[in-house]
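> dropping the sequence and predicted coords here.
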Amino acid sequence: MMKTGSDILFQEPTCSTRRLRRSVVVEVSGETFSINFVAEPFDFEVDQEVLMYFSGKTEFLQQVGRIREVIPCEEGDDAGPTFVIEPIGDPISAENRQHYRVSTISADLKARVGEEQEVDVQDLSATGFAVIASEDYQIGQTIEVGIMHEDERCHGLASVQSIRNFGPGRIRYGLRAIDEDPHTGEFLQVLQRISLAVQREQLQRGGINS
């Protein structure tokens, strides 16, 4: 359960580039908690489901919440509206992909990440991949990505899940694929086929790296 004074990051609920905005828990009451955004708030509405990120005991977590009430600020109050939120389900890790990852360093697999072309892919799974890129991205930011492997091509949106800086122009990003159309699941389906194809190639060469 959230605690008063805790920081929570909320992801912008749009289909374009998504960024995080910071909020602070101002009150906890039963199964709900109330937050104020630190800066400009998102335009959340009652009954809207939102994605939030916060620090757990040992890792960075994510959870869905539902907006139960929007309380306007009083005249002259700079705190902005207060949002009453009910958590839905249990929090899950926002750091680790829950699918097998295959190293793609020896496969010379390239990706497009944002405006960057021919970005080296470090590892790949059915739900995401890691790259070495040079641009600066933020945790939770959503960017356009694409991968091509032989005759298979996929492109869509991916959310930045982890960042590791190896020096100027060399930043490792862990990306989680986001399917814009959950009914077709095309992006994830093609990504899974590419992952399996790379695994087969690794096996034929005599080794998959964990």
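On my side now, so go ahead. Numbers count the residues shown, from 1 in each chain.
> any buried residues in stretch 65-84, and which?
Gly65, Ile67, Pro81, Thr82, Phe83, Val84 (16 or more other CB atoms under 10 Å). Any C-beta I mention is one placed from the backbone N, CA and C, and that applies to glycine too.
> if we take these, which one ends up nearest to Leu196?
Closest approach between these and Leu196, by CB to CB: Gly65, at 34.9 Å.
> quick check: bridge partners of that closest one?
Counting by DSSP bridges, Gly65 forms beta bridges with Val50, Pro87.
> can you give me the strands for this protein?
For the chain, strands defined by DSSP state E occupy the ranges 7-11, 20-29, 32-37, 49-55, 60-71, 82-93, 102-103, 110-113, 116-124, 128-133, 142-149, 152-165, 171-178.
> need the contact list for the spatially most central residue of the chain.
Centroid-nearest residue in the chain, with CA atoms, centre = their mean: Ser159, separated by 3.3 Å. Ser159 makes contacts with Gln11, Arg18, Gly140, Gln141, Thr142, Leu175, Arg176, Ile178, as judged by CB atoms under 8 Å, 6 or more residues apart in numbering.
> correct me, but the fifth one touches Leu175?
No: Thr142 lies out of contact with Leu175 (CB atoms under 8 Å); the separation is 9.5 Å.
> what touches both of these two?
Ala158, Ser159, Val160.
> now tabulate those residues in a markdown table and tack on distance to Val25.
Converted to a markdown table, the shared contacts of Thr142 and Leu175 look like this (distance: CB to CB, whole Å):
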| residue | distance to Val25 |
| --- | --- |
| Ala158 | 29 |
| Ser159 | 23 |
| Val160 | 24 |
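> and those residues, which is closest to Cys73?
Using CB to CB, these come closest to Cys73 at Ser159, 30.4 Å.
> how close does the closest one get to Phe60?
Distance of Ser159 to Phe60, computed by CB to CB, to the nearest Å: 12 Å.
> avg pLDDT for stretch 150-158?
The pLDDT scores in stretch 150-158 average 84.
> numbering from 10 from now on, please.
With 10 as the first residue, the last one maps to stretch 159-167.
> ok, and what's touching it?
121, 137-138, 151-156, 184-189, 195-196, 199-200, 202-203, 206.
> so what's the closest residue to Pro81 other than its chain neighbours up against?
Nearest residue to Pro81 in three dimensions, chain neighbours excluded: Pro90, at 5.4 Å (CB to CB, 6 or more residues apart in numbering). Applying CB under 8 Å, 6+ apart, we find Pro90 in contact with Asn45, Pro50, Val79, Ile80, Pro81, Cys82.
> do Arg75 as well
So Arg75 contacts Asp56, Gln57, Glu58, Val59, Ile94, Glu95, Ile97 (CB under 8 Å, 6+ apart).
> check what pLDDT it gets.
pLDDT, Arg75: 91.
> Val79 contacts Phe53, correct?
Yes: when contacts are counted by CB under 8 Å, Val79 is listed as touching Phe53 (6.7 Å).
> tell me, what's touching those two both at once?
Phe92.
> just the strands of the chain: most buried one?
Compared across the strands of the chain, strand 137-142 shows the largest average neighbour count, a mean of 23 (mean count of other CB atoms under 10 Å).
> for that one, packing partners?
strand 119-122, strand 125-133, strand 161-174, strand 180-187 (3 or more CB pairs under 8 Å, 6 or more residues apart in numbering; DSSP states H and E).
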